[in-house]
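**Student:** compute the structure for the input listed below.
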Amino acid sequence: MKPSHDDVVTESKTGTPCKAEARPWILAATILGSSLAFIDSTVVNVALPALESSLHANIVDVQWVVESYGLFLGALILVGGSFGDVFGRRLIFVIGVTIFAIASAACGFASNIHQLNIARSIQGVGAAFLVPGSLAIISASFDENSRGQAIGTWSGFTAITTAIGPVLGGWLIEHASWRWVFFINIPLAVVVIAISLWHIPESRSASVRRIDWLGALVGTIGLGGLVFGFVESTNLGWNNPLVFGSLIVGVAGIAGFVFNEARVSSPMVPLALFRSRTFSGANLLTLFLYSGIGIFFFLFPMNLIQVQGYSAAATGAAVLPLILLMFSLSRWSGGLVARYGPRVPLIIGPLIVAAGFVLFAVPSTGSSYWKTFFPAIVVLGFGMAVTVAPLTTAVMGSVDQDHAGTASGINNAVARVAGVMAIAVFGVVMVRGFDFKLTRELTHLGLSSNTLQEIHSRVTRLAGLELPSNLDASAAAAVRSAIHRPFVFGFRLVMLICAGLAAASSAVVWLAEI
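**Tutor:** Numbering: from 1, shown residues only. I've put the predicted structure just below:
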């Protein structure tokens, strides 16, 4: 039966376990629900070249496809957790899944890039409600003896679905349409809502906290201003009043957010937690490391599809070893923490990640996947496998038990914000590097000034740049080759920056003495 109002449970220190027969259903709903958001974070990257071509978009437009989702997810994920504690975790979870499903339909039916980006923003809001709700529901529904196993099951299955997502998404893009990447969310969401209403009891926190509305608003404006300024600088230039003004608003918003969090009684981000050297260091490590991961997953599919000539399905499969490696080595990585503590793995792991990024900077074009990108994928995946479990341990162990959930939420938000900011900032680096190299490549082809001007006017399309119609077959082939080399140049430049960020995250651990 559908739980009634009398089924609402209030969290206590001893836990409030649900009935045993409901537990498989709770796991199914939370795994499927959170997988919707996790898959969408990765599979859309595989769809970006198809979106760019179908909707006649440039690099700034497709940046917003990713950024609009990540911006609202990163800015509101802590608010979503607070909503669940105050108004009921099942209620907020179901609302999040519903918003996500409606927005997915809007994404699939979008007729232009602007409609798609608006729908993606709404998707991000839905994800911010459902992602923290999934783990909160598990914590409230399972007792202390079974909670760890339940979270492990959730973690394992979400990793599997996240791994399958890009492969399935690539197949749908190749054999149907990019629109089905979004449409497939709708039946899954219906199943999650039905299970949730039928089998998940309602729960909320015993100590009702006030919602930090001002913090959420100011933080979102601050992050949005910075992202808008960096992304649009590619189109409008740094001297444009809209770009300059949005950056000022962004900096002021972030400063206002910090000021607000220091003054309110129930802050979204308790600044007192950052007095812990370990907590601060772990979050700075997260900021650096996940900045590199964020821009990598944005650019790598473009490289494979637009430059290396991979199909969308093959591109989805190309990153599969990384996810499977992280999943299969998760228990082994946890054992490293038990044996050595988090410090040693958190120094070595990011250095291995840095080596992986360096390997991605080596390949040019034309060689097989197994000789070029596969070794880099394996090294990157191994480095992340060494890092993730010790990082979680360091974050959770740096605060008292009463603040463990808040600490985990903050670290999750930092990781997502890092990816959003990296795509905004290093997207500019990619376009500038591409433009610089393209100018040099085209000077040797003897093209007319009008043709050169037409090509440079489309530079924000990167490797998806449409060639002028007046080129003959041989000139078109030469220009296409000249376009591929600048993309590789820009990609290499960004990968080396990512390697530097990963090395810096290792240095943070060393200096912070985590």
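**Student:** tell me the mean pLDDT over stretch 136-148?
**Tutor:** Stretch 136-148 carries an average pLDDT of 76.
**Student:** stretch 465-476 too?
**Tutor:** So the average pLDDT for stretch 465-476 ends up being 79.
**Student:** and for stretch 250-262?
**Tutor:** Stretch 250-262 shows a mean pLDDT of 93.
**Student:** who touches it?
**Tutor:** Outside stretch 250-262, the residues that touch it by Cβ atoms under 8 Å, 6 or more residues apart in numbering are 212, 214-215, 218-229, 267-271. Just so you know, the C-beta spots here come from the backbone N, C-alpha and C atoms, and that holds for glycine as well.
**Student:** who touches residue 410 in this structure?
**Tutor:** By Cβ under 8 Å, 6+ apart, the contact set of residue 410 is 78, 269, 273, 283.
**Student:** if you set the cut-off to 10 Å instead, what comes out?
**Tutor:** Residue 410 is in contact with 77-78, 268-270, 273-274, 279, 283, 286, 395, 399, 403, counting by Cβ atoms under 10 Å, 6 or more residues apart in numbering.
**Student:** same check, this time on residue 187
**Tutor:** residue 101.
**Student:** so it is in which element?
**Tutor:** Applying DSSP states H and E as the criterion places residue 187 in helix 185-199.
**Student:** how about that helix: buried residues?
**Tutor:** 185, 188-189, 192-193, 195-196, 199 (16 or more other Cβ atoms under 10 Å).
**Student:** same question for stretch 466-478.
**Tutor:** Buried, per 16+ other Cβ under 10 Å, within stretch 466-478: 467-468, 471, 475, 478.
**Student:** now, the most widely separated pair of those residues?
**Tutor:** Among those, the pair separated by the greatest distance (Cβ to Cβ) is 468 and 478, at 12.5 Å.
**Student:** mind listing the shared neighbours of these two?
**Tutor:** residue 447.
**Student:** now do the strands in the stretch 201-350 of the chain.
**Tutor:** 203-204 (DSSP state E, counting those that start in this stretch).
**Student:** where are the low-confidence patches of the chain?
**Tutor:** By pLDDT under 70, the weakly predicted segments of the chain are 1-21, 144, 147-148, 152, 206-209, 401-402, 404-405.
**Student:** redo that, cut-off 50
**Tutor:** Applying pLDDT under 50 to the chain flags residues 1-15.
**Student:** ok, back up a step: would you turn the buried residues of helix 185-199 into JSON lines with distance to residue 311?
**Tutor:** Formatted as JSON lines, the buried residues of helix 185-199 follow (distance: Cβ to Cβ, whole Å):
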{"residue": "185", "distance to residue 311": "23"}
{"residue": "188", "distance to residue 311": "24"}
{"residue": "189", "distance to residue 311": "28"}
{"residue": "192", "distance to residue 311": "30"}
{"residue": "193", "distance to residue 311": "34"}
{"residue": "195", "distance to residue 311": "35"}
{"residue": "196", "distance to residue 311": "36"}
{"residue": "199", "distance to residue 311": "40"}
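**Student:** quick one on the thing from earlier: just the ones of the contacts of residue 410 in helices?
**Tutor:** By the criterion of DSSP state H, membership of the contacts of residue 410 in helices covers 77-78, 279, 283, 286, 395.
**Student:** which among these gets closest to residue 119?
**Tutor:** Nearest to residue 119 among those is residue 77, at 19.1 Å by Cβ to Cβ.
**Student:** please list all residues in contact with the closest one.
**Tutor:** Applying Cβ under 10 Å, 6+ apart to residue 77 gives the contacts 37, 124, 127-129, 131-132, 268, 409-410, 412-413, 415-417.
**Student:** check residue 435 too.
**Tutor:** Residues in contact with residue 435 (Cβ under 10 Å, 6+ apart) are 234, 456, 459-460, 462, 486, 490.
**Student:** can you put those in JSON lines and add distance to residue 328 and neighbour count?
**Tutor:** Converted to JSON lines, the contacts of residue 435 look like this (distance: Cβ to Cβ, whole Å; neighbours: other Cβ atoms under 10 Å):
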{"residue": "234", "distance to residue 328": "39", "neighbour count": "22"}
{"residue": "456", "distance to residue 328": "47", "neighbour count": "13"}
{"residue": "459", "distance to residue 328": "42", "neighbour count": "19"}
{"residue": "460", "distance to residue 328": "40", "neighbour count": "20"}
{"residue": "462", "distance to residue 328": "34", "neighbour count": "28"}
{"residue": "486", "distance to residue 328": "37", "neighbour count": "24"}
{"residue": "490", "distance to residue 328": "33", "neighbour count": "25"}
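**Student:** so which of those residues sit within helices?
**Tutor:** Going by DSSP H, the helices hold 234, 456, 486, 490 from the contacts of residue 435.
**Student:** rewinding a little: which one of the buried residues of helix 185-199 is nearest to residue 361?
**Tutor:** For those, the nearest to residue 361 is residue 185 (34.7 Å; Cβ to Cβ).
**Student:** include distance to residue 347 when you put the buried residues of stretch 466-478 into JSON lines, please.
**Tutor:** Converted to JSON lines, the buried residues of stretch 466-478 look like this (distance: Cβ to Cβ, whole Å):
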{"residue": "467", "distance to residue 347": "48"}
{"residue": "468", "distance to residue 347": "51"}
{"residue": "471", "distance to residue 347": "52"}
{"residue": "475", "distance to residue 347": "52"}
{"residue": "478", "distance to residue 347": "48"}
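**Student:** ok so, going back, export the helix holding residue 187 as PDB, just CAs?
**Tutor:** C-alpha atoms of helix 185-199 as PDB (Å, rounded to 0.1, in the frame of the first residue of the first chain):
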ATOM      1  CA  ASN A 185      14.700   9.200 -18.900                       C
ATOM      2  CA  ILE A 186      10.900   9.500 -18.900                       C
ATOM      3  CA  PRO A 187       9.900   5.800 -18.500                       C
ATOM      4  CA  LEU A 188      12.700   5.300 -16.000                       C
ATOM      5  CA  ALA A 189      11.400   8.300 -14.000                       C
ATOM      6  CA  VAL A 190       7.800   7.000 -14.000                       C
ATOM      7  CA  VAL A 191       9.100   3.700 -12.600                       C
ATOM      8  CA  VAL A 192      11.000   5.500  -9.800                       C
ATOM      9  CA  ILE A 193       8.000   7.700  -8.900                       C
ATOM     10  CA  ALA A 194       5.700   4.600  -8.700                       C
ATOM     11  CA  ILE A 195       8.100   2.600  -6.500                       C
ATOM     12  CA  SER A 196       8.800   5.700  -4.300                       C
ATOM     13  CA  LEU A 197       5.100   6.400  -3.600                       C
ATOM     14  CA  TRP A 198       4.200   2.700  -3.100                       C
ATOM     15  CA  HIS A 199       7.100   1.500  -1.000                       C
END
